[in-house]
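In: Next come a sequence and a model predicted from it.
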Amino acid sequence: MTDIRTLHDAVAELIHDGDTVAMEGFTHLIPFAAAHEVIRQGITDLTLVRMTPDVIYDQLIGAGLVRKLVFSWGGNPGVGSLHRFRDAVENGWPRPLEVDEHSHAGMANRYVAGASGLPFAVLRGYRGTALPDRTDTVSTVVCPFTGEELAAVAALNPDVTVIHAQRADRDGNVQLWGLTGVQKEAALAAKRVLVTVEELVDRLDSRPGAVVLPHWVVTAVARVPGGAHPSYAAGYSVRDNDFYQAWDPIARDRERFAAWIRENVLTTEGTSLR
């Protein structure tokens, strides 16, 4: 049976210095509260994995906790650059950042391979780009049936996957719906899975199109209402567009960023930020 934990205890038990951590969610259900708890606990030397790193990873990178980023696109959606990410890549502040860049299709296939227990995935892609020259996680294979040369990408198997979802029952079965990304694949590929949820219920209802992660996939659940803010959870909250706009000038300045982290993350008690 899945453990029901406080956010503090779940992060402390599941995420360790040096881990490879995936925090997934596409525009929606992004686990910001869990990322803030990682910052509060100072868990460091992380390899972060995410198809679309946005503000959540800008904050972790700016806090100096990230050694490497595995990704396929990075930006503040609808606004512009991730300035803490750029500062780390261009200037090594607050520490140098290693990057492993892929296409969206490549990242999705890497998660699928990891979830399937396979060492790599095959796809048509990367041809005509310089990405294969910049990583050791892209290669080629020859199809044994047609002789066609195809791209091969190494499987992703994070130490920990962290996601946010709408609800879980008390046995640890998790239900999420709306705009989803690769949360299911990232969870199935990981050694440990932490899910923050809007609410705990006695029994999950039937909801067409919902993704259900069974309790045997999930290591721990923490009830964190509003845990996706400033992104949103369909049926529970709306996207805080003003936050994304406001983040741009905060992230541009090192001192202003550090002050924001002190005031809004380090001195809070694990609640979501509004």
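Out: Right, received. Where do you want to start? Numbering: from 1, shown residues only.
In: which residues of this protein fall in helices?
Out: Remark: helices assigned in the chain by DSSP state H are 7-14, 32-41, 55-62, 83-91, 104-116, 183-189, 241-252, 254-261.
In: Can I get these in JSON lines including mean pLDDT?
Out: Shown next, in JSON lines, are these (pLDDT from 0 to 100):
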{"stretch": "helix 7-14", "mean pLDDT": "98"}
{"stretch": "helix 32-41", "mean pLDDT": "98"}
{"stretch": "helix 55-62", "mean pLDDT": "98"}
{"stretch": "helix 83-91", "mean pLDDT": "98"}
{"stretch": "helix 104-116", "mean pLDDT": "97"}
{"stretch": "helix 183-189", "mean pLDDT": "98"}
{"stretch": "helix 241-252", "mean pLDDT": "98"}
{"stretch": "helix 254-261", "mean pLDDT": "98"}
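In: Nearest to Phe145, out of the ones you listed?
Out: helix 104-116 (19.0 Å; Cβ to Cβ). Just so you know, the C-beta spots here come from the backbone N, C-alpha and C atoms, and that holds for glycine as well.
In: What are the buried residues along the closest one?
Out: For helix 104-116, the neighbour count (16 or more other Cβ atoms under 10 Å) marks Ala105, Gly106, Met107, Ala108, Asn109, Arg110, Tyr111, Val112, Ala113, Gly114, Ala115 as buried.
In: Dump it to PDB, restricted to CA.
Out: Output of helix 104-116 as PDB, limited to C-alpha atoms (Å, rounded to 0.1, in the frame of the first residue of the first chain):
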ATOM      1  CA  HIS A 104      10.200  16.400 -27.800                       C
ATOM      2  CA  ALA A 105       9.800  13.100 -29.600                       C
ATOM      3  CA  GLY A 106      13.100  11.900 -28.400                       C
ATOM      4  CA  MET A 107      12.300  12.700 -24.800                       C
ATOM      5  CA  ALA A 108       8.900  11.100 -24.900                       C
ATOM      6  CA  ASN A 109      10.400   8.000 -26.500                       C
ATOM      7  CA  ARG A 110      13.100   7.900 -23.800                       C
ATOM      8  CA  TYR A 111      10.400   7.800 -21.100                       C
ATOM      9  CA  VAL A 112       8.400   5.100 -23.000                       C
ATOM     10  CA  ALA A 113      11.500   2.900 -23.200                       C
ATOM     11  CA  GLY A 114      12.200   3.400 -19.500                       C
ATOM     12  CA  ALA A 115       8.600   2.600 -18.700                       C
ATOM     13  CA  SER A 116       8.700  -0.500 -20.900                       C
END
